[in-house]
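In: Provided below are the primary sequence and the corresponding predicted coordinates.
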Amino acid sequence: MEEYLELWFAFFACIILTAFYILYALIVIPSGGHPFGHFIGIIGFALMLATETIYTLRKRIRWLNWLGPLRLWLSFHIFTGIVGPFLVFLHSAFLVGGLAGFAMLMTGAVVLSGFAGRYIYTAVPRTRAGVELSRDELAARANALQRELDAWAAQKPGLLDTIQSRVAATPLNPNDWLGLFARAWTDRAYNQRVHAALRGLEKSERARFGELEKLLRRHHQLERQIASLTLVHRLMGVWRLVHVPLGATLFTAAFIHVFAALWFKGLRW
């Protein structure tokens, strides 16, 4: 739940904004040229600018570390990257012709690209502060968990072999990019098999099964992260090659749209 907290905040913010927009639509005919339409367009565009600048500055300028952990600013980046485009979409009043329509199309492409990037990003193991863990650090954690599992095996000879034979996890493929994107489902399926295997043990053997279940889940996750680490970095590089030009195209179109609106129509308050 904590991993998706910013998505939930953004979701609820969009629901609240939708409720306000419905009230606005009941009073007047929605239009990007209406004062309220201008207002939400300006706020949305400002949030989109914040999305593209603040997190990047925090990540690249070291003396800004005092502003808080990188993970917090990534959450802010994701939140504004959803709410900002949503406000711009409401500003358009669902009219998507001409340059404004192209800007909206690019906004949708950037948002979808952002969701894909976030999913790839979360495959990179990090500390709670958002610092990426190295392969050696992951291996050390996996070895520590393996020692704990070995201690269980020493207490209950054959127990782990019995459980692992019931779980029958699929061998990890370091180049399985499809499996990387489907990891939420495969991890869930693995966890369900572990739980079912542990529930099938005798009651005397299930005395501390919750602790063993957590160890097996975490060990499997670490093994997957280590196996896919190179692939994740490669996919992140490809994603940046797509996402950055999309963002540049979007803001070029958006700035032209804003300039044209101010030049030819002005702000009618």
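Out: Sure, I can see it.
In: buried residues, the helix or strand L72 falls within. List them.
Out: Assessed by DSSP states H and E, L72 sits inside helix 70-91. For helix 70-91, burial by neighbour count (16 or more other CB atoms under 10 Å) applies to 70, 73-91. Quick note: C-beta positions are derived from backbone N, CA and C, even for glycine.
In: could you point out which residue ranges in the stretch 1-150 of the chain have low pLDDT?
Out: Residue ranges of the stretch 1-150 of the chain with pLDDT under 70: 1-3, 96-97, 127-130.
In: got the residue ranges for the helices in it?
Out: 5-27, 35-60, 70-91, 98-121, 135-155 (DSSP state H, counting those that start in this stretch).
In: quick one, what contacts the residue nearest to the spatial centre of the chain?
Out: Closest to where the C-alpha atoms of the chain average out (CA atoms, centre = their mean) is R118, at 3.3 Å. Going by CB atoms under 8 Å, 6 or more residues apart in numbering, R118 touches I78.
In: ditto for the one 3 residues further on
Out: Listed by CB under 8 Å, 6+ apart, the contact partners of Y121 are 74, 236.
In: distance check, it against I29.
Out: Distance of Y121 to I29, given as CB to CB, to the nearest Å: 41 Å.
In: thinking again about what came up before, so which of the helices of the stretch 1-150 of the chain is the most surrounded?
Out: Burial among the helices of the stretch 1-150 of the chain, expressed as mean neighbours by mean count of other CB atoms under 10 Å, is greatest for helix 70-91, which shows a mean of 21.
In: give me the helices and strands touching that one, please.
Out: The contact analysis (3 or more CB pairs under 8 Å, 6 or more residues apart in numbering; DSSP states H and E) places helix 70-91 against helix 5-27, helix 35-60, helix 98-121.
In: so what touches the shortest one?
Out: Helix 5-27 has contacts (CB under 8 Å, 6+ apart) with 1, 30, 36, 40, 75-76, 78-79, 82-83, 86-87, 90.
In: then stretch 45-59?
Out: Stretch 45-59 is contacted by residues 64, 67, 70, 73-74, 76-77, 80-81, 83-85, 87-88, 107, 247, 251, 254, 258 when judged by CB under 8 Å, 6+ apart.
In: mind listing what's buried in the one helix or strand A189 maps to?
Out: Assignment of secondary structure by DSSP H and E places A189 within helix 183-199. Buried residues in helix 183-199, counting neighbours by 16+ other CB under 10 Å, are found at 183, 186, 190-191, 193-195, 197-198.
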